[in-house]
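**Q** below are the sequence and a predicted model; questions follow.
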Amino acid sequence: MNDKIWTIGRILKWTEQYFRDKGIESPRLDAEVLLAHVLEKQRIYLYVHFDEPLQPAELAAYREMIKQRVLRVPVAQILGEKEFMGLTFKVTADTLVPRPDTEILVQAAVERLKAMKGEKTATGVLADESAAEEPAEGQPAGGADAEQEVAEPLHIADIGTGSGAICLSVLRYLADTVADTVDISPAARAVAEENAASLGLADRVTFHTGDLLQPLVGMTFAAILSNPPYIPEADIATLAPEVRLKEPHTALSGGQDGLDFYRRLAKEAPAMLVPGGFMAFEVGIHQAEPVAALAKANPLIARTEILPDYAGIDRVVVAWRTKECQ
Ligand SMILES: C[S@@+](CC[C@H](N)C(=O)[O-])C[C@H]1O[C@@H](n2cnc3c(N)ncnc32)[C@H](O)[C@@H]1O
C-alpha cells in the first residue's frame with residue numbers, strides 16, 4: 001500500500017486483488033466484511049461511501065486484518081465472532097467456527113422438542129422465545145401449554161459443544177429447556193460459557209469438560225445432540241488451509257473413517273435418553289446411512305430419520321428411543 005489517500009472504494013479494490021493473488025477463495029466478500037467491521041458499519045455502507053477516506057487508525061486496524069487473512073486465519077476468527085441462527089457467537093482458535101449446515105441440526109432439534117412438548121411448530125420459522133413477555137407473578141407463561149412447560153423443563157445434552165452454538169441456539173429458541181454440555185477442550189468450554197453469558201442463558205446450561213458422555217453418566221435427556229468431529233483422518237490434508245491449519249484438530253478428526261465418535265455415541269447415548277427421546281447428529285457427506293445403521297444396531301433405537309441440508313446433502317441423522325421403558 002502506498003501513501004496516496006485510501007478511500008473505501010480504493011482500498012476495497014486493492015484488497016480484493018491482493019487477496020485474489022494470495023489465493024483467498026472469496027476475496028471481495030472478505031475484504032468487505034473485514035472493512036465493514038473496522039468501520040463498525042453494515043457492508044451496504046461501503047457501497048454508498050466509496051469516496052470516504054479512511055482515518056489512520058482505521059487503516060492500521062484494517063492492515064492488521066489483511067495480514068492475518070493472508071496467513072489464512074478464517075474471517076470469523078479475525079473478527080472474533082460468527083453469526084449462527086441469528087445470534088452472535090464468540091469464536092477463537094480453540095473453537096470450530098459454527099457452520100450454516102449445523103443450523104439444520106438445531107432446527108430439527110427445536111421442531112422435535114416442541115412436538116414432544118405437544119406444541120405446534122410454525123412453518124419452519126423459529127421464534128426467539130427469549131423475547132417472549134415475562135409472565136405476571138404467579139401466572140404460567142405462554143397460555144394453555146404453559147403449566148406443562150413450567151412443570152417439566154426439557155433437558156438436553158450437547159456433546160462436543162465447541163462455541164456452544166447448537167445448545168445455546170436451542171435454548172434461545174425453545175423456552176423452558178435446560179442443557180448440559182460436554183467438550184474435551186477446556187478452552188472451548190470457556191468460550192461456550194462466555195457465549196452463554198452474553199446470550200443471557202448462563203442459568204439454563206451446565207458446562208462440563210470431559211470425554212463424550214462420561215461427565216453425564218447417571219443423567220437422562222429428552223435429546224442428545226452432537227456435531228462431533230467427523231472428517232476421516234486422511235481427508236484432513238485436503239481441507240482448505242483455513243480449516244486444516246487454523247481450526248482445532250480435535251474438532252475435525254473423526255478417526256480413520258470419520259465414524260469413531262458416532263460408534264461411541266450410538267452405543268452409549270440411547271441408554272441416556274428418556275423413553276421416546278431422540279439423539280440427533282450432524283454427519284459428513286456419505287455418512288448418513290452408516291451412522292443411521294450404527295444407531296439402529298442399538299436395540300433401544302426404534303427408528304431413524306435422515307434430513308438433508310439446503311444443498312440436498314444428507315446432513316442430520318435423528319434416532320428415536322423406544323417409548324417403552326426397557
Ligand atoms: C465439529 S466440532 C463442533 C463444535 C460445535 N458443536 C459446532 O457445531 O460448531 C466438535 C467438538 O467436539 C469436541 N471434542 C472432540 N473430541 C471430544 C471428546 N472426546 N469428548 C468431547 N468433546 C470432544 C471438540 O473440542 C470440538 O469442540
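**A** Looks like it arrived, so ask away. Residues are numbered from 1 along each chain as shown.
**Q** make it CA atoms for all contacts and neighbour counts henceforth
**A** Will do.
**Q** looking at the chain, which helix or strand is least sure?
**A** helix 146-151 (a mean of 44; mean pLDDT, DSSP states H and E).
**Q** get me the contact residues on the stretch 101-250 of the chain for the ligand.
**A** Residues of the stretch 101-250 of the chain lying close to the ligand by CA under 6 Å from any ligand atom are 102, 159-163, 165-166, 182-185, 210-212, 227-229, 250.
**Q** now do 5 Å
**A** Along the stretch 101-250 of the chain, the residues adjacent to the ligand under the rule CA under 5 Å from any ligand atom are 160-162, 183-185, 211-212, 227-229, 250.
**Q** T181 is in what secondary structure piece?
**A** strand 177-183 (DSSP states H and E).
**Q** ok, now I5?
**A** Per DSSP H and E, I5 falls between elements, in no helix or strand.
**Q** distance check, it against E40.
**A** From I5 across to E40, the span is 20 Å (CA to CA, to the nearest Å).
**Q** what's the answer for A61, then?
**A** According to CA to CA, A61 and E40 sit 12 Å apart.
**Q** of the two, who's got more company?
**A** Between A61 and E40, counted using other CA atoms under 10 Å, the more crowded position is A61 (15 against 10).
**Q** just to revisit the earlier point, ok, the strand holding T181: who's next to it in the sheet?
**A** Here strand 177-183 is paired, per DSSP bridges, with strand 154-159 (parallel), strand 205-209 (parallel).
**Q** restricting to C-alpha, output the first one in CSV.
**A** Spelled out, it's strand 154-159. Provided in CSV are the C-alpha atoms of strand 154-159 (Å, rounded to 0.1, in the frame of the first residue of the first chain):
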residue,chain,number,x,y,z
LEU,A,154,-36.9,-30.4,28.7
HIS,A,155,-33.4,-31.5,29.5
ILE,A,156,-31.0,-31.7,26.5
ALA,A,157,-27.3,-32.5,26.1
ASP,A,158,-24.8,-31.1,23.5
ILE,A,159,-21.7,-33.3,23.1
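**Q** could you give the separation of it from the chain centroid?
**A** Offset of strand 154-159 from its chain centre (CA atoms, centre = their mean, to the nearest Å): 14 Å.
**Q** same deal with the shortest one?
**A** Relative to its parent chain, strand 205-209 has a centroid offset of 16 Å by CA atoms, centre = their mean.
**Q** report the buried residues of that strand.
**A** For strand 205-209, the neighbour count (16 or more other CA atoms under 10 Å) marks 205, 207-209 as buried.
**Q** closest to D260 among these?
**A** Set against D260, the nearest of those by CA to CA is T209 (19.3 Å).
**Q** pLDDT below threshold where in the stretch 101-250 of the chain?
**A** Residue ranges of the stretch 101-250 of the chain with pLDDT under 70: 119-151.
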